[in-house]
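**Student:** Sequence below, structure please.
(one chain, ligands or ions: 1)
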Amino acid sequence: MKHLLNPLDFTVTELDTLLKLANDIESNPQKYAHACEGKKLATCFYEPSTRTRLSFEAAMLNLGGSVLGFSSADSSSAAKGESVSDTIRVISSYADICAIRHPKEGAALVASSHSSIPVINAGDGGHQHPTQTLTDLLTIYSLKGHFDHLKVGLCGDLKFGRTVHSLIDALIRYPGVEFILISPEELRVPGYIREDVLDAHQIPYQEVERLEDALAHLDLLYMTRVQRERFFNEEDYIRMKDFYILDKAKMELAPKDMLVLHPLPRVNEISVEVDEDPRAVYFKQAQYGVYVRMALILTLLNIHVA
Ligand code: CP
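**Tutor:** Numbers count the residues shown, from 1 in each chain. Sure, this is the predicted structure:
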């Protein structure tokens, strides 16, 4: 049995197969409409979510399966003090596969070690969000056609933004990828990612504070919101929250084929006037999230559609 806890749980070859399957699902949805009949997905969400939970549910329903679950810790027996390990042991007898989001780093790993069904990490604290990474990779693969030699700008809360950490881990496996890390000093990418990931693999990167200084050089701009829920005090959040606002004027500085991605939800960091720009693909990206989660469910349940 295989779980998905970290974006690196799939090799580059396995990832390529998964992305091709997701593309086929997008092109031929009817072919997959009954693939998971009789199967159940449990969504155990201890933290708020719109896209991840609902796209998992849409994915399983599109495959002909069923869904059950809870959308907050308060509406589960976690509110009575039940541990994640006990919960997953019980869920293992109710469902065939489980997606779990939890505010604590490592919660999905704990769940997987007590589970008899595949566990998917749908976000664990500020640590990893591998299915968002799969979504991001499918968006890039489908719209750019390749990962090699991309110059990728990551902008905003690079300290707490788990989607950024997962995306860096995944992209460094492709040749020639470079990063421009765009953040205020206080929200720089954590030291362990600079040292253990970027430096250790000799990946070229620069750190800059001004978005305007990076835009002209990018193939992709990955915007992120400032993660209010991970700040220790509200004053720091308020000081940081509008540090970056991508607007039409800034988009003028960017190449004509630069894509703008954002895991969403957006707060103020992308002005709504940018939404009409053909380079703004963040809503399309959310749609790719359904196809890639369909491909993931099929893969982890070892279901092959001829
Ligand atoms: N991108 C993402 O994880 O969105 P949700 O928090 O709405 O699931």
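
**Student:** For residue 48, which non-adjacent residue is spatially closest?
**Tutor:** Counting by CB to CB, 6 or more residues apart in numbering, residue 48 lies nearest to residue 72, which is 7.2 Å off, once chain neighbours are set aside. In this view, the C-beta of every residue, glycine as well, is placed from N, C-alpha and C.

**Student:** which residues touch the residue in the stretch 51-200 of the chain that the ligand sits nearest to?
**Tutor:** In the stretch 51-200 of the chain, the residue that lies nearest the ligand is residue 52 (3.3 Å; CB to the nearest ligand atom). Contact analysis of residue 52 by CB atoms under 8 Å, 6 or more residues apart in numbering lists 45, 99, 101, 122-123, 129, 131-132, 289.

**Student:** On the three-state scheme, it is what?
**Tutor:** helix (DSSP: H, G, I helix; E, B strand; the rest coil).

**Student:** Against residue 58, how distant is it?
**Tutor:** 11 Å (CB to CB, to the nearest Å).

**Student:** Of the contacts of residue 52 - the most surrounded one?
**Tutor:** Neighbour tally across those (other CB atoms under 10 Å): the maximum, 32 neighbours, falls on residue 99.

**Student:** Residues touching the helix or strand containing it, excluding its own?
**Tutor:** Assigned by DSSP states H and E, residue 99 falls within strand 97-102. Under the criterion CB under 8 Å, 6+ apart, residues 39-47, 49, 52-53, 56, 84, 88, 91-92, 107-108, 111, 115, 117-125, 131, 297, 300-301 lie in contact with strand 97-102.

**Student:** So which of those residues sit within helices?
**Tutor:** 52-53, 56, 84, 88, 91, 107-108, 111, 131, 297, 300 (DSSP state H).

**Student:** Can I get those residues in TSV including pLDDT?
**Tutor:** Formatted as TSV, those follow (pLDDT from 0 to 100):
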residue	pLDDT
52	97
53	98
56	98
84	97
88	97
91	97
107	97
108	97
111	98
131	96
297	98
300	98
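
**Student:** and residue 237, that one's in a helix?
**Tutor:** Yes: with three-state DSSP as the criterion, residue 237 is located in a helix.

**Student:** So in that sheet, which strands flank the strand holding residue 99, and in what orientation?
**Tutor:** strand 40-45 (parallel), strand 119-124 (parallel) (DSSP bridges).

**Student:** close to the ligand, is it?
**Tutor:** No: using CB under 6 Å from any ligand atom, strand 97-102 never reaches the ligand; the gap is at least 7.4 Å.

**Student:** Surely residue 32 touches residue 25?
**Tutor:** Yes: using CB atoms under 8 Å, residue 32 is in contact with residue 25, at 5.4 Å.
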